[in-house]
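**Q** my questions concern the predicted model and sequence given below.
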Amino acid sequence: MNSSKRQGFTLVEMLVVMGIIAVLVAASVVGYSRVTASAEKAKCNELVKNVHTAMMAIYNENNGAWPRALINGQQRAVLDENAALPLAKYLGLRTENGRLAGYDKFGIVSPWATQVIKAKGNSADLGTKVPSGGTIDTHRLGYAIDTEGTGKILNAQVGSGTLNVRATAMVWCGGKDGFVEDDFARGLRKDDVYSWRVGDLLYE
């Protein structure tokens, strides 16, 4: 009669357990990545919405007039440090001596670029790479305004093409990898964020 007792797990059992653990870990990582990506996109959506709201507040408070900095900035179609300055008080951006300061010193940038600027501090510049893709420069928000008072923005420079939108102000932001000019489809890609609806496009 064999009175020996079984001790521990066999190699096969150990491999099975390790395999199950690996599957659970992989599923958790994928789930976490999706939640994180969704949260980042939500932050970007909120930023674009808030900037658009701030622009309309300025427009209404000035009886249908735009600040000179925003008009001049349309040549670049980007909310850089100059164009973003009139929006500072509406968005809570820090200013020093009439210039943007802190995390917003380059203008209004996406949440992904903001993280990089926070980490890099004074060593950050427009050419600093953002881990998710692009540079700080490609993560700055774009905009266009209706300077004619027609309720339409014609030939807005978005990427490598132009858009015509029924709007008083329009704002957009590149997605996680920034704005890629070569990838121009309705002005933006699916992962980008914009303040207008597809139905607002007059024609492509």
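**A** Noted; the coordinates are in hand.
**Q** every contact and neighbour count from this point should use C-alpha atoms.
**A** Fine.
**Q** helix or strand next in line after the longest helix along the chain, which one?
**A** If you go by DSSP state H, the chain has its longest helix at helix 11-61. Downstream of helix 11-61, the next assigned helix or strand under DSSP states H and E is helix 68-73.
**Q** neighbouring contacts of the helix or strand just after that next one?
**A** Downstream of helix 68-73, the first helix or strand assigned by DSSP H and E is helix 88-91. Defining contact as Cα atoms under 8 Å, 6 or more residues apart in numbering, one finds that helix 88-91 is touched by Asn50, Val51, Ala54, Arg94, Thr95, Leu100.
**Q** next up, the contacts around the closest residue to the fifth one other than its chain neighbours.
**A** The shortest distance from Thr95 to any residue that is not its chain neighbour, by Cα to Cα, 6 or more residues apart in numbering, is 5.0 Å, and that residue is Ala101. For Ala101, the contacting residues are Leu93, Arg94, Thr95, by Cα under 8 Å, 6+ apart.
**Q** 10 Å instead?
**A** Counting by Cα atoms under 10 Å, 6 or more residues apart in numbering, Ala101 touches Glu81, Leu93, Arg94, Thr95, Gly107.
**Q** re the thing from before, ok, the contacts of helix 88-91 vs Thr10, which is closest?
**A** Distance to Thr10 across the contacts of helix 88-91 (Cα to Cα) is lowest for Asn50, with 59.9 Å.
**Q** leaving out chain neighbours, which residue sits closest to that closest one?
**A** Counting by Cα to Cα, 6+ apart, the residue nearest Asn50 is Leu91, at 7.3 Å.
**Q** separation between that neighbour and Gly127?
**A** Plainly put, Leu91 is 25 Å away from Gly127 if you go by Cα to Cα, to the nearest Å.
**Q** look up how far Asn63 lies from the residue nearest in space to the middle of the chain.
**A** For the chain, the residue nearest the mean C-alpha position is Ser110 (3.5 Å; Cα atoms, centre = their mean). Here Ser110 is placed at a distance of 30 Å from Asn63 (Cα to Cα).
**Q** hang on, Val158 packs against Arg189?
**A** No - contact criterion Cα atoms under 10 Å: Val158 and Arg189 do not qualify, at 11.2 Å.
**Q** which residues of the chain score low on pLDDT?
**A** Residues of the chain meeting the criterion pLDDT under 70: 1-9, 30-37, 180-188, 204.
**Q** recalculate using a threshold of 50.
**A** 184-187 (pLDDT under 50).
**Q** pull the residues that contact stretch 50-68.
**A** 44, 46-49, 70-71, 79, 83-91, 108, 141, 143, 145-149, 168-172, 194-196.
**Q** go again using 6 Å as the cut-off
**A** Contacts with stretch 50-68, where a contact means Cα atoms under 6 Å, 6 or more residues apart in numbering, come from Tyr90.
**Q** distance from the chain centre to it, please.
**A** 21 Å (Cα atoms, centre = their mean, to the nearest Å).
**Q** now swap in stretch 64-75 and tell me
**A** Distance of stretch 64-75 from the chain centroid (Cα atoms, centre = their mean) equals 22 Å.
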